[in-house]
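*Asks:* Give me a model of this one.
(chains A and B)
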Amino acid sequence: NAGVTQTPKFRVLKTGQSMTLLCAQDMNHEYMYWYRQDPGMGLRLIHYSVGEGTTAKGEVPDGYNVSRLKKQNFLLGLESAAPSQTSVYFCASRAGQVISYEQYFGPGTRLTVT
Amino acid sequence: AQKVTQAQTEISVVEKEDVTLDCVYETRDTTYYLFWYKQPPSGELVFLIRRNSFDEQNEISGRYSWNFQKSTSSFNFTITASQVVDSAVYFCALSISNYQLIWGAGTKLIIKP
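*Replies:* This is a model prediction of the structure:
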């Protein structure tokens, strides 16, 4: 099993460019999440999805959009990248709503915006 | 309000020393779970343990142990006889009756040889 995969692993963007990060999971999980991790700030939730076709805002959604057209995929889009979006992005999935379920993480995408 | 506090930003110890990472949480829910994750220098996040709010027994797994105390809202993590491979950022997280995990800011643990 691949678990949770993220594409790409690294990316450098110029201010104003756009890009899409792809997250895929093969565990048939209902819930998926996008986080960003910045030094000293832990993990901050950007957007999440509780099922195919649904998305919702997390703690820091501004400047990002998401889509979940297929259950196994969760896409994170940056329409006009800004230097403040330089970060490491993690995707995670979780089997469902049961609170004992842990989240499974992808390897991360390191994004630099110049 | 739901909150997880890891007051220790960074801890540095010499190999073979014991070290405890603190985690204090806040929630009004009576049913919840607490988690610890490890993030080694390679960057991935690895699940270590979960504990439910009704089980206050300590847990031991090899050199790792966890102490859950509802009276002080704490779920501390101890590494006995630390090793260089234990160097990582450790996160504590709280799961309540919604979709999220509430994350602490993490503690960076440095084990010096």
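
*Asks:* give me the number of residues near A:R110?
*Replies:* Neighbour count of A:R110, defined by other CB atoms under 10 Å in any protein chain shown: 15. No exception for glycine: its C-beta is placed from N, CA and C like everyone else's.

*Asks:* Let me know the average pLDDT across the one helix or strand it maps to.
*Replies:* Using DSSP states H and E, A:R110 sits in strand A:109-113. Looking at strand A:109-113 alone, the average pLDDT works out to 97.

*Asks:* name the helices or strands packed onto it?
*Replies:* If you count contacts as 3 or more CB pairs under 8 Å, 6 or more residues apart in numbering or on different chains; DSSP states H and E, strand A:109-113 packs onto strand A:10-13, strand A:19-25, strand A:87-94.

*Asks:* can you state the direction angle for that strand and strand A:87-94?
*Replies:* Interaxial angle of strand A:109-113 relative to strand A:87-94 (axes from the mean of the first three to the mean of the last three CA atoms, to 10 degrees): 150 degrees.

*Asks:* Under a three-state scheme, what state does B:V85 occupy?
*Replies:* helix (DSSP: H, G, I helix; E, B strand; the rest coil).

*Asks:* Can you give the contact residues for the helix or strand bottoming out on mean pLDDT in chain B?
*Replies:* Confidence across the helices and strands of chain B bottoms out at strand B:59-61, with a mean of 88, counting by mean pLDDT, DSSP states H and E. With contact meaning CB atoms under 8 Å, 6 or more residues apart in numbering or on different chains, strand B:59-61 is reached by B:I49, B:R51, B:S65, B:W66, B:F68.
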